[in-house]
Each structure stands twice: as structure tokens, then as C-alpha cells.
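**Q** Have a look at this fold, sequence not included:
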Ligand SMILES: [Fe+2]
């Protein structure tokens, strides 16, 4: 297992690079724009290929590296489904998984610091974003933060993980790198409260100044979608009407780039082929399966995904490989459904919230000590 905790000293942000092996797939959590050169070089040195870049929430203190990493590595950008980011490639809900080769994260919706905060559990560790910090908790006074929600997220979700679970936060300002759930339960001063109201009072009395970068970072982090309005991009983009006409005319092969879990949850356009996005480059290369199919049938490939970002990159890759007829569906299956396009019935059972124990046992704290900001 490759596990690297990288640090941005300007914003005191921790970024995590994870891969199961050299030569394999990688994912990165909470990358910082100014450090992207460093991440890319490290991934080259470790011989890993970035497949997914995840933000735990919309950050206010730095500009995310998600967009730049996507532009440079063609990776899939991932956030929680409550994110207000304009476009990410993939959104995950509570209890859903983010997978790459040999690595699987489970998302936990942990609002409170912001209303789009998610934590991610990976085996013996949890990435807590700014929800639970080492001996602290994330502020709750902007971006729809809510101390009531944060109390629930921490006491009824995160602290219900096994005590030995390693806690890896998105920030630390004192130089600590890792903690455990048990340690935070016992020693985190913000958590030594006797009631929800006491926690809310603590959080509402912090009176912290806004982050220096906030006015720049939040708008930038919300608008990070791939720019598809370039002249080239527009040329290989089709709206839902054009795709419906191509299907009716029988001259299109629809290629679904989403993962099986997304197809199960959202349904698919009837008659689609399934080629997950990470494999598409090899399939559109000369001699690849999709290249052979397009050449043999004379049909044009039309890629689609969840929101149109993976498909735009796939169409560009196909055209770069010589498949000049390749197109993609703007806005993905979301736009398709909004336009009334046919989809198969979703098959996935509804994801259930982890069966955490009930709240009452979590809210009883022993030996309270005065909370500190
Ligand atoms: Fe934050």
C-alpha cells in the first residue's frame, strides 16, 4: 500500500495520496492547487496513475487542485452529492463507495462544518476533512455550517467508528499528523461536552475571522467544472435532442462511461455499451475495442456519463486517437433525464445509513472539561 500524507504550509492542508501498489491506480484526497506540480511529480516517481481526485467539501482557505489535476491527468473528480460545485465527474452519497484498483473508500455524510462535508473511511482509517480535527473541530459559521449537524456528524457517526480507527484530518495547525477516534473522544477539548446545546454554545462563541482566501477560494472551488465551451469542445458536444435523433437514425453507438454503482443507481440509456472511463483510452486507441467497433460499423461513438465531464474527456481522447466522429452527451444522464430521455429502471437497493448505535449512548460524556476553541 502506498499512503502519503502531503502538506501545504500556506493553508496547513493535508492531502492524501493513496494507491495499492506501484504501477497501479491512485486517488488523492483534498489536493491544493499550488501543490499540483508536486503531486504529479510524486506520482510519476511512484509510478502510479491518478484515477480519482476527491474533495471532502468546498474549501474556503485554499483553491482546490481538483480541476488542475483533471486537466493534467484526465482523472475523475469526485465530491459528495450535496456539493455545490458546478460540475464534478462523479458524486457519491452517504454509504456509497469510491473505488480504484485495490482501494475502497466508504463515504459518510458528515455535515456541520459545511453542508457538503463528507468523511471517507478506508479500512483502519478515516479521512475526516474539516469535520473532526486533531483536538479540534471545524468551524461552523459559514458555508451553511451548522453546529447542531456537526454534533450529530461527530458524536453519532464518526465517534461510533472503532476506537482504534486512525483519524486523518484535512488540516492541522500545530504539526500533529494523525490521531485515533479513541484519542479524540478522550482528549479533544471540543468533545468534552455534556449536551448538544453545550456544543452549540461553544461553536457559536468562537468569533473567528474569515479565512484570508475565502472570497477567492469559495467561488473558484464552486466553479471548477471542465471548460466545455472552447470551439473544439463545442464541436464534439451534442445536446439531448441531437443524441435522440442519432439514436433514432441508428447511426450511433452509445457508450456509458460510468461505474456499475452509478448505472445501478441512476439507470442507463437503453442499448448502451458499458466502458468505465478509466479504460476508455485503451479502447479508443488504434486496434482497441471501441476503435474497431466504430471503424467496422461506420457508426459514431457517443459517450455519456453522469454530468458530461468524463464523456467530454473521452470524446477528446477518441478524436485524438483518430476517431473524428466521436461525440459526447452534454450534461450527462442528468440532462438526459431532465429532457425526458428514456432510461432503464435503476436496480440498486437504496443505500442504508450505517447502523450506528442510537444517539443516547453517544451523547453521555464523562468528566467534562472546559471546551476551548
Ligand atoms: Fe473547510
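**A** Happy to help now that I have it. Fair warning: this is a prediction, and the values are worked out from it, not measured in the lab.

**Q** Can you list the low-confidence ranges for the stretch 151-300 of the chain?
**A** The stretch 151-300 of the chain contains no residues with pLDDT under 70.

**Q** Show me what from it comes close to the ion.
**A** Within the stretch 151-300 of the chain, not a single residue sits near the ion (Cβ under 5 Å from the ion). For the C-beta atoms, the positions are set from N, CA and C on the backbone; glycine is no exception.

**Q** just the helices in the stretch 151-300 of the chain please.
**A** Per DSSP state H, counting those that start in this stretch, the stretch 151-300 of the chain carries helices over the ranges 181-187, 196-204, 214-222, 231-235, 240-249, 260-266, 280-284, 289-297.

**Q** in the second one, what's buried?
**A** Going by neighbour count (16 or more other Cβ atoms under 10 Å), the buried part of helix 196-204 is 199-200, 202-203.

**Q** what's near enough to touch the residue of the stretch 151-300 of the chain found nearest the ion?
**A** Per Cβ to the ion, residue 170 is where the stretch 151-300 of the chain lies closest to the ion, at 6.6 Å. By Cβ atoms under 8 Å, 6 or more residues apart in numbering, the contact set of residue 170 is 13-14, 30, 56, 59, 127-130.

**Q** I only care about those that end up buried; give me the PyMOL line for that.
**A** Command for PyMOL that selects the buried part of those, burial taken from 16+ other Cβ under 10 Å:
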select buried, resi 13+14+30+56+59+127+128+129+130
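
**Q** In the stretch 1-150 of the chain, what residue comes closest to the ion?
**A** residue 130 (3.7 Å).

**Q** Got phi/psi on the closest residue to that residue other than its chain neighbours?
**A** Closest residue to residue 130 apart from its sequence neighbours, by Cβ to Cβ, 6 or more residues apart in numbering: residue 138 at 3.3 Å. Main-chain torsions, residue 138, degrees, to the nearest 10: phi -70, psi 140.

**Q** quick one, what contacts residue 138?
**A** Residues near residue 138 by Cβ under 8 Å, 6+ apart: 112-113, 117, 129-132, 145, 150.

**Q** Just to be sure, which of those are found in helices?
**A** Secondary structure from DSSP state H places residue 150 of the contacts of residue 138 in helices.

**Q** for the contacts of residue 138, which one is nearest residue 268?
**A** Among the contacts of residue 138, residue 117 lies closest to residue 268 (Cβ to Cβ), at 30.2 Å.

**Q** Of all pairs in the contacts of residue 138, which one is the farthest apart?
**A** Largest separation among those by Cβ to Cβ: 132 and 145, giving 14.1 Å.

**Q** who's more crowded, those two?
**A** residue 132 (29 against 20; other Cβ atoms under 10 Å).

**Q** Do you know the pLDDT at the more buried one?
**A** For residue 132, the model assigns a pLDDT of 98.

**Q** dump the residue contacts of it.
**A** By Cβ under 8 Å, 6+ apart, the contact list for residue 132 reads 110, 119, 138, 154, 158, 167, 169, 184, 188.

**Q** Give the single residue among those residues positioned nearest to residue 104.
**A** Checking the contacts of residue 132 against residue 104 by Cβ to Cβ gives residue 119 as the nearest, at 14.7 Å.

**Q** surely the closest one meets residue 133?
**A** No: Residue 119 is not in contact with residue 133 according to Cβ atoms under 8 Å; the separation is 11.9 Å.

**Q** How many neighbouring residues does the nearest residue to residue 54 once chain neighbours are set aside have?
**A** Beyond its immediate neighbours in the sequence, the residue positioned closest to residue 54 (Cβ to Cβ, 6+ apart) is residue 78, lying 4.5 Å away. Residue 78 has 24 neighbouring residues, counting by other Cβ under 10 Å.

**Q** Phi, psi for residue 78 please.
**A** Main-chain torsions, residue 78, degrees, to the nearest 10: phi -130, psi 130.

**Q** my guess is it meets residue 88, correct?
**A** Yes: Residue 78 lies in contact with residue 88 (Cβ under 8 Å); the separation is 6.3 Å.

**Q** Contact partners for residue 343?
**A** Applying Cβ under 8 Å, 6+ apart, the residues contacting residue 343 are 266-270, 333, 336-337.

**Q** Among the residues you listed, name the buried ones.
**A** Neighbour-count burial (16+ other Cβ under 10 Å) is assigned, among those, to 266-269, 333, 336-337.

**Q** Can you list the residue ranges for strands in the stretch 101-250 of the chain?
**A** According to DSSP state E, counting those that start in this stretch, the stretch 101-250 of the chain carries its strands in the segments 103-109, 118-122, 125-129, 132-133, 136-137, 166-169, 179-180, 237-238.

**Q** Provide the strand pairings for the longest one, with the direction of each partner.
**A** Strands flanking strand 103-109 in the sheet, each with its direction: strand 97-100 (antiparallel), strand 118-122 (antiparallel) (DSSP bridges).

**Q** Export those as a markdown table, with columns for mean neighbour count, distance to residue 47 and mean pLDDT.
**A** Output for the strands paired with strand 103-109, formatted as a markdown table (neighbours: other Cβ atoms under 10 Å; distance: least, Cβ to Cβ, whole Å; pLDDT from 0 to 100):
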| stretch | mean neighbour count | distance to residue 47 | mean pLDDT |
| --- | --- | --- | --- |
| strand 97-100 | 19 | 15 | 97 |
| strand 118-122 | 25 | 21 | 98 |
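
**Q** so can I have CSV of those strands showing distance to residue 45?
**A** Output for these, formatted as CSV (distance: least, Cβ to Cβ, whole Å):
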stretch, distance to residue 45
strand 97-100, 19
strand 118-122, 22
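
**Q** Columns distance to the ion on top of the ones you listed, output as CSV?
**A** CSV is the format used below for those (distance: least, Cβ to the ion, whole Å):
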stretch, distance to the ion
strand 97-100, 19
strand 118-122, 12
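
**Q** out of these, nearest to residue 301?
**A** Closest among those, using Cβ to Cβ: strand 97-100, at 24.7 Å.
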